[in-house]
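[1] Predicted structure and sequence below. I'll ask about it afterward.
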Amino acid sequence: MNTPQVDVEKFWRDGFLLIKRAFSPDEIESLREDALAILAEQKAAGLTTTSGSVTHTKGDLLSMERLRKVIVDDRILRVGRELLGNKPVYFGDSSFQVGEGLRGWHKDNRLPDRFNHSAEDWHGKYTVIRFGLYLQDHASHSGGLGIRVGSHQPSRLVKLLERVPPARLRAQVASSYGKAVLVDSEIGDLVAWNLRTTHSGNAVRLKSMSRTKLGTWFENIAPSWLRIEEEKQRVAMFFTFGVDGDHLERYLGYLKTRGYLNETWDNLRQNEAAFGESKNADLEIRIPS
């Protein structure tokens, strides 16, 4: 088993971290097979949903017998403990998707606070983080993670614009600061980012052109002949952890208003195997009442 190297200082400075060789190529191939088998089963049962060219399955990873090993994996939990500085808390926010997926740059913290950098989400370290495990190469192919470096830190310009209409201008500024980079994740790598960090979970790579000159806006309108395609059918897993504190409690309250996790929480409450494996892994599960 690999021992991932974790640069905690870099994570909190840049708002993201690429953790090299967390998994072996054989492990990644096994996860691909399991994920695609679950997708086929859920499709046959009419349980999947499709947005554009990406398909989402029903339920969280911990509730899926063949994929819960990802959530309770000691390597991932160790990275979570090091980045968060305490025991990770899991609350059912995980999934996998298959296909190219929707593109676009955004933040994942509470929607009311995303473009208001005086709001509570922007007080101190934001200790809710997301992991991405891409089951194919994105060091030289499209479909991987794009990040705006440092965008998890409050922006003085956004604060200055807080009382200036229109709100759309503030949102555009808040989504555009920080240098845009593509994360060169290879097979077996793990990526982590802060929920305040502006990112694209499905970024486009362009041929022979500098994205620093063209800007990230160009990727969505670039003709197909300028784009680098995915290596193969894109399969990506995403899962979120937090630690005890105000940020986690507010985020859980926010998720309750969104509603999309209610069915997941109901199913997870009844999954004794998931709770048993989490206890063995020393992972706390917290489901809002």
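    Received the coordinates, thanks.
[2] Neighbours of residue 246, how many?
    12 (other CB atoms under 10 Å). Just so you know, the C-beta spots here come from the backbone N, C-alpha and C atoms, and that holds for glycine as well.
[3] Grab the nearest non-local neighbour of it.
    Distance criterion CB to CB, 6 or more residues apart in numbering; nearest residue to residue 246, sequence neighbours excluded, is residue 120 at 7.3 Å.
[4] Over to residue 74?
    residue 281 (7.0 Å).
[5] ok, which stretches of the stretch 1-150 of the chain are strands?
    16-19, 49-51, 54-56, 89-99, 128-134, 146-148 (DSSP state E, counting those that start in this stretch).
[6] Low-confidence regions, the stretch 151-289 of the chain specifically.
    Applying pLDDT under 70 to the stretch 151-289 of the chain picks out residues 208-221.
[7] Please name the residues that touch the residue nearest to the spatial centre of the chain.
    Central residue of the chain (CA atoms, centre = their mean): residue 130, 4.4 Å from the mean position. If you count contacts by CB atoms under 8 Å, 6 or more residues apart in numbering, residue 130 has them with 108, 192-193, 195, 238-240.
[8] beta partners of it?
    Counting by DSSP bridges, residue 130 is bridged to residue 193, residue 240.
[9] Find the nearest non-adjacent residue to residue 17, please.
    That would be residue 11: by CB to CB, 6+ apart, it lies 4.1 Å from residue 17.
[10] What is the burial count for that neighbour?
    Residue 11, neighbours per other CB under 10 Å, totals 22.
[11] what do you get for residue 224?
    Here the number of neighbours of residue 224 (other CB under 10 Å) works out to 6.
[12] if I look at it, how far off is residue 55?
    21 Å (CB to CB, to the nearest Å).
[13] same check, this time on residue 168
    31 Å.
[14] With neighbour numbers in mind, choose between the two.
    More crowded of residue 168 and residue 55, by other CB under 10 Å: residue 55, with 17 against 9.
[15] ok so, going back, thought the residue nearest to residue 246 was touching residue 109?
    No: assessed by CB atoms under 8 Å, residue 120 is found out of contact with residue 109, at 10.1 Å.
[16] ok so, going back, quick one: the residue nearest to the centre of the chain from residue 201, how far?
    Taking CB to CB, one finds residue 130 at 9 Å from residue 201.
[17] shared neighbours of the two, which are they?
    Residues touching both residue 130 and residue 201 (CB under 8 Å, 6+ apart) are residue 238.
[18] Hmm, the residue nearest to residue 74 is touching residue 77, no?
    Yes: at 6.2 Å, residue 281 and residue 77 qualify as touching, with contact defined as CB under 8 Å.
[19] about what we covered before: what score does the residue nearest to residue 17 have for pLDDT?
    The model reports residue 11 with a pLDDT of 98.
[20] before we move on, what about the one 5 residues further on?
    The pLDDT attached to residue 16 in the predicted structure is 98.
[21] count of neighbours near the nearest residue to it once chain neighbours are set aside?
    Distance criterion CB to CB, 6+ apart; nearest residue to residue 16, sequence neighbours excluded, is residue 193 at 3.9 Å. By other CB under 10 Å, the residues close to residue 193 number 26.
[22] repeat for the one 5 residues further on
    Residue neighbour count, defined by other CB under 10 Å, stands at 25 for residue 198.
[23] And residue 247, by the same measure?
    Quick note: residue 247 (other CB under 10 Å) scores 22 neighbours.
[24] roughly how far apart are it and residue 128?
    Distance from residue 247 to residue 128, by CB to CB: 6 Å.
[25] for the stretch 51-200 of the chain, what spans make up the helices?
    68-71, 74-84, 156-160, 167-174 (DSSP state H, counting those that start in this stretch).
[26] among these, which is the most enclosed?
    helix 68-71 (a mean of 22; mean count of other CB atoms under 10 Å).
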